[in-house]
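K.L.:
mind folding the following:
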Amino acid sequence: MSEILALLVTGTLAASVGSAIAIVLRTYVCNQFGAKAAYHLWLLVPAAILGSFLPFPYGPVSTMVPRAGAAITQAQMAWASAPKGGATQYANAVLVVWVIGVLLSLLQVFVSQRRFVRLANLGLAGPAVVGVALPRMVLPADFEVRFSAEERRMILTHERVHLARGDAAVSGLIALIGCLQWFNPVVWVAGHLARLDQELACDAQVVSQFPTKRHVYARAMLKTQNTAVSLPLGCSWPARSIHPLEERIMMLKRNQPSKS
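P.N.:
Here you go, the predicted model:
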């Protein structure tokens, strides 16, 4: 159990550091290199977590610093011979709490997903991409009435970009990391911002395909800001963001960065 707890602590530190770096750099990277680069910046988080589990190549510390190496060896021997009853009970209690939190977080994801799917089946949610393994596009029942032909074209392009890039699977990974790190506020903030950057990157790609239709795209976004239901497994503009529409429209005003 203590080994599992050590892995949990190591993964938590790695996730926190990777998330903090991405949070600090996302605005600068977005301004300098575009929304797509800012979205890719979030790969730091899973890379840091996976990297923390790799075996570390220890060097000959005892030959470099003999006294320090001897002290470390003695401390390790003392720890190995010390009774582990209290430490084992503490590790078991922490792991039980963590597992309960993970299960409750997964239950919340399941409930939120079912709520969104139920509304989508009634035609009361969307446009969005729903699902992870087999993602599908969902549209509101009044899609043909609410949006003009140009707006419908750009909205469909937006959702197809999500499908082509595999953004639904990325959303699933964000949800999974959030469940495993349910106690870590840094990871939760990072997951929320990563979902925002996912939409901004998709917006940027759509605008690059329709550079003269930015006003049409902005008008379409104004008509889609009416679904306050979260979609953990899929792609939809998060309802919990403070000023999501303002941020998306501001992004539409920016010029696309050059390839250089």
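
K.L.:
excluding sequence neighbours, find me the nearest residue to V102.
P.N.:
Closest residue in space to V102, ignoring its immediate chain neighbours: C179 at 5.5 Å, by C-beta to C-beta, 6 or more residues apart in numbering. All C-beta atoms are positioned from the backbone trio N, CA, C, and that covers glycine.

K.L.:
so that neighbour makes contact with V109?
P.N.:
Yes. Here C179 lies in contact with V109, judged by C-beta atoms under 8 Å, at a distance of 6.5 Å.

K.L.:
so who does S112 touch?
P.N.:
V229, S230, L231, P232 (C-beta atoms under 8 Å, 6 or more residues apart in numbering).

K.L.:
tabulate these (CSV), appending secondary structure, pLDDT and neighbour count.
P.N.:
Shown next, in CSV, are these (DSSP: H, G, I helix; E, B strand; the rest coil; pLDDT from 0 to 100; neighbours: other C-beta atoms under 10 Å):
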residue, secondary structure, pLDDT, neighbour count
V229, coil, 72, 16
S230, coil, 83, 17
L231, coil, 90, 29
P232, coil, 91, 25
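
K.L.:
ok, those vs V170, which is closest?
P.N.:
P232 (12.2 Å; C-beta to C-beta).

K.L.:
returning to what we had before: just the residues contacting the helix or strand hosting the residue nearest to V102, thanks.
P.N.:
Per DSSP states H and E, C179 falls inside helix 167-180. By C-beta under 8 Å, 6+ apart, the residues outside helix 167-180 that reach it are 11, 15, 45-46, 49, 102, 105-106, 109, 129-132, 135, 161-162, 187-188, 191, 194-195, 198, 202, 231-235.

K.L.:
the contacts of S112: which two are farthest apart?
P.N.:
Top of the distance list for those (C-beta to C-beta): V229 and P232, 10.6 Å.

K.L.:
tell me how many other residues crowd the residue lying closest to S105 once chain neighbours are set aside.
P.N.:
Of all residues not flanking S105 in the chain, C179 sits nearest, at 3.9 Å (C-beta to C-beta, 6+ apart). Neighbour count of C179, defined by other C-beta atoms under 10 Å: 19.

K.L.:
what of L7?
P.N.:
Neighbours of L7 (other C-beta under 10 Å): 12.

K.L.:
in contact with the nearest residue to it once chain neighbours are set aside, which residues?
P.N.:
Spatial nearest neighbour of L7, excluding adjacent residues (C-beta to C-beta, 6+ apart): F53 at 6.8 Å. The neighbourhood of F53, defined by C-beta under 8 Å, 6+ apart, consists of L7, T10, G11.

K.L.:
please tell me how far the first one sits from L54.
P.N.:
Meaning L7. According to C-beta to C-beta, to the nearest Å, L7 and L54 sit 12 Å apart.

K.L.:
just the strands in the protein please.
P.N.:
When secondary structure is read from DSSP state E, the chain shows strands at 128-130, 136-138, 234-235.

K.L.:
and I21, how many residues sit next to it?
P.N.:
15.

K.L.:
that one contacts L44, correct?
P.N.:
Yes. Counting by C-beta under 8 Å, I21 touches L44, with 5.8 Å between them.

K.L.:
for L124, grab phi and psi.
P.N.:
Main-chain torsions, L124, degrees, to the nearest 10: phi -110, psi 10.

K.L.:
turn the strands of the chain into a markdown table, including mean neighbour count, distance to V29 and mean pLDDT.
P.N.:
Shown next, in a markdown table, are these (neighbours: other C-beta atoms under 10 Å; distance: least, C-beta to C-beta, whole Å; pLDDT from 0 to 100):
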| stretch | mean neighbour count | distance to V29 | mean pLDDT |
| --- | --- | --- | --- |
| strand 128-130 | 24 | 25 | 94 |
| strand 136-138 | 18 | 29 | 94 |
| strand 234-235 | 26 | 21 | 92 |
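
K.L.:
closest to A120 out of the ones you listed?
P.N.:
Per C-beta to C-beta, nearest to A120 of the strands of the chain: strand 136-138, 4.2 Å.
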